[in-house]
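Engineer: Please work out how this folds:
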Amino acid sequence: MKKLGLLFKEVSGNRIKDKLAKADTVFVVKYSGLSGPELNMLRQSLSDFKVNLFVVRNTIAKRILKSSQWEGLSAFLNGPCGFIFVNDDPANASKVLYAFSKEHEKLRLEGGFLKERLLEKKDIEALAKMPSKETLRAQVTIGLKAPITGIVMVLSQTLKKFVICLDQIKKKKETGS
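Structural biologist: This next block holds a predicted model:
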């Protein structure tokens, strides 16, 4: 029978491996000094975007990260750290983390990984300040629509002028001049 400590390490390691396999983006935060209710508030605000906060011992995390593509995250593991696993839109998660870190100075953004790219604190803050995915889609749609709208307006004005010209010719012939 395994000792309880070894069993805990094994279960924690397996959970991290599973979450890393499913995640597109991972952020590392330091939460030292946050109270339990504050940490729960952070978890709740992250869960609205289907994002998880997972706290694990650094030795376990470093051992797991060493054998994966996420190895660069080991540099951020000093002191009590938590992993934020993001499956969908990293911008929303970074916005929540950035806003929470502004309200609670004890939460510090350390770094992360975004689609095989190592992020530092400034990168996460820049990601948080970007518009959301829906806003970017709307901007692209408007950008694609603008030239088409311009062409339609030009062509309709040309047709309108042609019709006015024909109408004036008709009126001139009717008057007999």
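Engineer: Check the protein for its longest helix and report it.
Structural biologist: helix 133-175 (DSSP state H).
Engineer: And the strands in this structure?
Structural biologist: 25-30, 52-55, 81-86, 108-114, 117-120 (DSSP state E).
Engineer: contacting residues around the second one?
Structural biologist: Contacts made with strand 52-55 from outside it, assessed by C-beta atoms under 8 Å, 6 or more residues apart in numbering, are listed as 15-16, 19, 29, 31, 39, 42-43, 46, 80-85. The C-beta positions use only the backbone N, C-alpha and C, and glycine is treated the same way.
Engineer: Would you mark the buried spots in it?
Structural biologist: For strand 52-55, the neighbour count (16 or more other C-beta atoms under 10 Å) marks Asn52, Leu53 as buried.
Engineer: Pull up the pairing partners for that strand, direction included.
Structural biologist: strand 81-86 (antiparallel) (DSSP bridges).
Engineer: mean confidence score for the partner strand?
Structural biologist: Averaging pLDDT along strand 81-86 gives 87.
Engineer: hmm, back to that, buried subset of the contacts of strand 52-55?
Structural biologist: Buried, going by 16+ other C-beta under 10 Å: 16, 19, 29, 31, 39, 42-43, 46, 81-85, out of those.
Engineer: Export those residues to JSON lines and append columns for distance to Ile64.
Structural biologist: Below are the buried ones among the contacts of strand 52-55 laid out as JSON lines (distance: C-beta to C-beta, whole Å):
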{"residue": "Ile16", "distance to Ile64": "5"}
{"residue": "Lys19", "distance to Ile64": "10"}
{"residue": "Val29", "distance to Ile64": "18"}
{"residue": "Tyr31", "distance to Ile64": "19"}
{"residue": "Leu39", "distance to Ile64": "22"}
{"residue": "Leu42", "distance to Ile64": "23"}
{"residue": "Arg43", "distance to Ile64": "21"}
{"residue": "Leu46", "distance to Ile64": "21"}
{"residue": "Cys81", "distance to Ile64": "13"}
{"residue": "Gly82", "distance to Ile64": "15"}
{"residue": "Phe83", "distance to Ile64": "10"}
{"residue": "Ile84", "distance to Ile64": "16"}
{"residue": "Phe85", "distance to Ile64": "13"}
